[in-house]
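Undergrad: here is my input, please return the structure:
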Amino acid sequence: MNTPHSLPAYQATSLGIGLAVAIVILVLIRRNHLMISHSLWWLLVAAASMVFGAWPRLVDVVGEFLGIQYPPILLVIIGMGMLIIKMLTMDLNCSMHERKIRALTQRLAILESCMEVHHLTPGQSGAALSQPSEDTERETT
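TA: Numbering: from 1, shown residues only. You can find the predicted model right below:
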């Protein structure tokens, strides 16, 4: 039974889930397991969970305003939309990283070919590149 100041079980559960997600995200950021740019998305999810948990009638009001016949389906639509946006941002991130990896791989291949031409090993200093080797001196004379 609910007292006038207590929350119904579904509201308390939703608030608890939102709070737990927010705490986990903050712990992951603190331990440097999650970048802040990625955490903003999950903090938004936690906040939305807490807001809809604290004010469940908000779904009914927004659904009625948008003309949705069955307002709880609004949460499903919002959730699917957020998943699609998250997947798109992940694909964009992945594409950017692939481009960077490809460019780095090409630069590494160029550096390795330069080292082979100058007969350098990875431990030798870069100053040896500016000085012609004996082989290159022989080739020029």
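Undergrad: helices of this protein, start to end?
TA: Using DSSP state H, the helices of the chain run over residues 9-30, 36-54, 57-66, 73-117, 127-130, 134-140.
Undergrad: and the third one, what's buried?
TA: The neighbour-count check on helix 57-66 (16 or more other CB atoms under 10 Å) flags 59, 63 as buried. Where you see a C-beta, it was placed from the backbone N, CA and C, and this is true even at glycine.
Undergrad: ok, now how distant is residue 97 from residue 90?
TA: According to CB to CB, to the nearest Å, residue 97 and residue 90 sit 11 Å apart.
Undergrad: er, residue 46 actually
TA: 19 Å.
Undergrad: measure the nearest residue to residue 66 once chain neighbours are set aside to residue 89 for me?
TA: Nearest residue to residue 66 in three dimensions, chain neighbours excluded: residue 74, at 7.1 Å (CB to CB, 6 or more residues apart in numbering). According to CB to CB, residue 74 and residue 89 sit 22 Å apart.
Undergrad: mind checking which of the two has more residues around it?
TA: residue 74 (18 against 13; other CB atoms under 10 Å).
Undergrad: in contact with the more buried one, which residues?
TA: By CB atoms under 8 Å, 6 or more residues apart in numbering, the contact set of residue 74 is 59, 62-63, 66, 68.
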